[in-house]
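1. Quick one: sequence and predicted model below, then my questions.
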Amino acid sequence: MASTSAETTQIPIKSKKTQDPEKYPDWYSPETGIYHSKYPPISLPTDPFLDVVSFIFSHQHNGVSALVDSSSGSSISYSELFPLVKSIASGLHHSGVSQHDVVLVLLPNSIFFPVVFLSTLYLGAIVTPMSPLSSTCEIKKRIADCNVKFVFTVSDKIDQIRSCGVNPILVPETRNFDPTKIEYSEFHKLVTNDFLDFPRPLISQQDVAAIMYSSGTTGASKGALVTHGNLISMVELFVRFEAFQYEYPSTENVYLALVPMFHIYGMALFVMGLFSLGTTVVVMKRFFINEVVEAIEKFKVTHFPSVPPLLCQLIAKAKCVDGCKLRSLKQICCGAAPTSKKLIEDCLKTLPHVDFIQGYGMTETTAVGTRGFNTASLYNYTSIGLMAPNTQAKIVDWTTGSPLPPGKSGELWLRCPAIMKGYLNNVEATRLTIDEEGWLHTGDVVYFDQDGYLYLSDRLKEMIKYKGFQIAPADLEAVLICHPEILDVAVTSMLDEEAGEVPVAFVVRENGSTLTKKAVMDFLAQQVAPYKKVREVIFTQSIPKSPAGKILRRELKQLLTSKL
């Protein structure tokens, strides 16, 4: 692990002599334009009928505590975890859930989130996770799109789910729930049922395991079809591979689960991958900085996967306590949104004993992409890392389509075993995202340096990153255009120091309308999750569009600069 002085104010990066651009590194082919991972390939399971849950629990380790609730201290041990997964899977089977049925997991982070997720997959059913902050409209749309048959949720969503005609199961926050309370009776039956020997279906690696929603490279949110094989690749190429790069045993690591488990980043680590290593996951339902620091100290947390807004608050708090309560931390990994140079410098200066890395992955790549790796002699904090094993890339000029060599910026294309199967009920979006040769067109503008490190410089895609959450402008536009006094609308983003980006709506009012900014914001807020609310409204005479009718968001950005 790299170490830096507490007086460091500039980001130290290992320097090398500039390479002759005509003498390309052996991991790049100028003939094909393909970049290969610098890591040797990893052998993935070849059994075509291997499900990801069986794969995860096939690994032997000496892990003790699997999941710990940070507030109550209640926990699930490794000796209990797999039997509990099988018990709930059996209960679901006897409740009428069958292979390929879709189960909605509408939960905040909790020690039961991974259990119900894995149980559903072990049954051969499909999970679609969703933010518990989602509005009734969003929930109804998800249930309809995915043909949801069953829902795990929290108490304040029960009535909404029932109104959609789907059977909800209330999930307690911790293991210390009262099984005699009628609201928990159904869940109690699942965790204590005696049908452990239910007939399991034959599950293929090509079977869909999860429908993870993403805005993709453009347009409205779409359901990415993630298979059991994709998830197995994710466990091997992302979680287990990274763990084996370090000398300390994984069973001694303690991860703090703050990143939402319904997000691909949190799901990859806290719902699946870490359980194959025997690592302890300390679960927090929501982010309160004082409680975060207390949890790190109390449970001796070693790893803090984060997104920039969370890391920003942690660093500010660490300055107040002089880092004394964060001595157990070994690593901070930041992902899901761009990390500013200033934040990286603050992190290195405030927590010099902590290894800081960045990573890159997408819902469509099942979180597999790049990952930082630092040693005492080789470190690079500003890069989003080296490509994962079994992964190939192209950097393509977005105007000409020509492949570009190291040092040149272009759109990133990726190809690896973790690439999704496609988008739910959207052949056209799938075709536009994954080409005939299996390349996923990410929409992100990047470049490789001569050492194989990848740098993210811009985005072609339209999605907005608010505190690590993805917001599709088209989703907000679809709601706003329903307002009777809105003639036309377009949504873009503006930079925000705390959140990264926030949504901004450009609104064309009907003639004679006196619609106010507040009215527009309130109308949207009533129909979307809180993080999707627009933070600014700009009234305009028209929306810039191409001849084909596509909103010209780059022009919106220019208008935004002139208006604010």
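-> Yes, it's here. Numbers count the residues shown, from 1 in each chain.
2. Could you tell me how far stretch 353-370 lies from the centre of the chain?
-> Between the mean C-alpha point of stretch 353-370 and the mean C-alpha point of its chain there is a distance of 9 Å (CA atoms, centre = their mean, to the nearest Å).
3. Dump the C-alpha coordinates for it into CSV.
-> Output for stretch 353-370, consisting of C-alpha atoms alone and laid out as CSV, is shown next (Å, rounded to 0.1, in the frame of the first residue of the first chain):
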residue,chain,number,x,y,z
HIS,A,353,-2.4,5.7,6.5
VAL,A,354,-5.3,4.7,4.2
ASP,A,355,-4.9,3.3,0.7
PHE,A,356,-7.0,5.4,-1.7
ILE,A,357,-8.1,3.8,-5.0
GLN,A,358,-10.8,4.5,-7.6
GLY,A,359,-12.8,2.1,-9.7
TYR,A,360,-15.0,2.0,-12.8
GLY,A,361,-17.9,-0.2,-13.7
MET,A,362,-21.4,0.0,-15.1
THR,A,363,-24.7,-1.7,-14.4
GLU,A,364,-24.3,-3.1,-18.0
THR,A,365,-20.9,-4.6,-17.1
THR,A,366,-22.1,-6.0,-13.8
ALA,A,367,-19.7,-3.7,-12.0
VAL,A,368,-16.6,-5.1,-13.8
GLY,A,369,-14.3,-2.6,-15.5
THR,A,370,-11.2,-1.1,-13.8
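4. And it, what's buried?
-> 354-370 (16 or more other CB atoms under 10 Å). For the C-beta atoms, the positions are set from N, CA and C on the backbone; glycine is no exception.
5. List the contacts of Pro172.
-> 112, 184, 187 (CB atoms under 8 Å, 6 or more residues apart in numbering).
6. Okay, helices next: where are they in the stretch 151-300 of the chain?
-> With DSSP state H, counting those that start in this stretch as the definition, the stretch 151-300 of the chain shows helices at residue ranges 158-163, 185-192, 228-234, 241-243, 264-266, 289-299.
7. Identify the residues contacting the longest one?
-> Contacts to helix 289-299, defined as CB under 8 Å, 6+ apart, come from residues 68, 70-71, 254, 256, 258, 280, 282, 284, 301, 304, 313-314, 316-318, 321, 325-326, 328-329.
8. sorry, back to before: export the helices of the stretch 151-300 of the chain as TSV, with columns for mean neighbour count, distance to Leu414 and mean pLDDT.
-> Output for the helices of the stretch 151-300 of the chain, formatted as TSV (neighbours: other CB atoms under 10 Å; distance: least, CB to CB, whole Å; pLDDT from 0 to 100):
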stretch	mean neighbour count	distance to Leu414	mean pLDDT
helix 158-163	15	36	88
helix 185-192	16	38	82
helix 228-234	26	13	98
helix 241-243	19	16	90
helix 264-266	24	14	93
helix 289-299	17	33	92
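9. what helix or strand does His441 sit in?
-> strand 440-448 (DSSP states H and E).
10. err, Ile139, not the other one
-> helix 136-146.
11. Show me what that helix is packed up against.
-> Based on contacts counted as 3 or more CB pairs under 8 Å, 6 or more residues apart in numbering; DSSP states H and E, the elements that helix 136-146 packs against are strand 102-106, strand 126-130, helix 158-163.
12. where does the chain dip in pLDDT?
-> Low-confidence segments of the chain (pLDDT under 70): 1-22, 193-196, 215-219, 322-324, 458, 460-461, 546-550, 564.
13. residues contacting Ile34?
-> Shown in contact with Ile34 (CB under 8 Å, 6+ apart): 28, 392-394, 403.
14. May I have the phi/psi pair for it?
-> Ile34 has phi and psi values of phi -100, psi 130 when expressed as degrees, to the nearest 10.
15. returning to that earlier point: return the distance of the strand holding His441 from the chain's centre.
-> Taking the mean C-alpha point of strand 440-448 and that of its whole chain, the gap between them comes to 17 Å (CA atoms, centre = their mean).
16. Next, the angle from the helix or strand following that strand to strand 440-448.
-> Next helix or strand after strand 440-448 toward the C-terminus (DSSP H and E): strand 454-459. If you take axes from the mean of the first three to the mean of the last three CA atoms, to 10 degrees, strand 454-459 sits at 120 degrees to strand 440-448.
17. quick one: strand 454-459 to chain centroid distance?
-> Taking CA atoms, centre = their mean, the mean C-alpha location of strand 454-459 is offset from the chain mean by 18 Å.
18. just how off-centre is the helix of greatest length in the chain within its chain?
-> The residue-count maximum for a helix in the chain (DSSP state H) belongs to helix 78-94. If you compare the mean C-alpha spot of helix 78-94 with that of the full chain, they lie 26 Å apart, counting by CA atoms, centre = their mean.
19. what's the answer for stretch 430-449, then?
-> Its chain's C-alpha centre lies 18 Å from the corresponding centre of stretch 430-449 when counted by CA atoms, centre = their mean.
20. Give me the buried positions along it.
-> Judged by neighbour count (16+ other CB under 10 Å), stretch 430-449 contains these buried residues: 430, 433-434, 439-449.
21. May I have that stretch exported as CSV, CA atoms only?
-> Presented in CSV, the C-alpha positions along stretch 430-449 are these (Å, rounded to 0.1, in the frame of the first residue of the first chain):
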residue,chain,number,x,y,z
THR,A,430,-29.7,-3.4,-26.8
ARG,A,431,-28.5,-3.2,-30.4
LEU,A,432,-27.4,0.4,-30.0
THR,A,433,-25.4,-0.5,-26.8
ILE,A,434,-23.8,-3.9,-27.7
ASP,A,435,-22.6,-4.4,-31.2
GLU,A,436,-22.4,-7.6,-33.2
GLU,A,437,-18.9,-8.3,-32.0
GLY,A,438,-19.9,-8.0,-28.3
TRP,A,439,-18.5,-4.5,-27.6
LEU,A,440,-20.4,-2.5,-25.1
HIS,A,441,-20.4,1.2,-26.1
THR,A,442,-20.2,2.9,-22.7
GLY,A,443,-20.7,6.5,-23.7
ASP,A,444,-17.8,7.5,-21.5
VAL,A,445,-14.8,9.5,-22.8
VAL,A,446,-11.5,8.1,-21.5
TYR,A,447,-7.9,7.6,-22.4
PHE,A,448,-5.2,5.1,-21.4
ASP,A,449,-1.7,6.2,-20.4
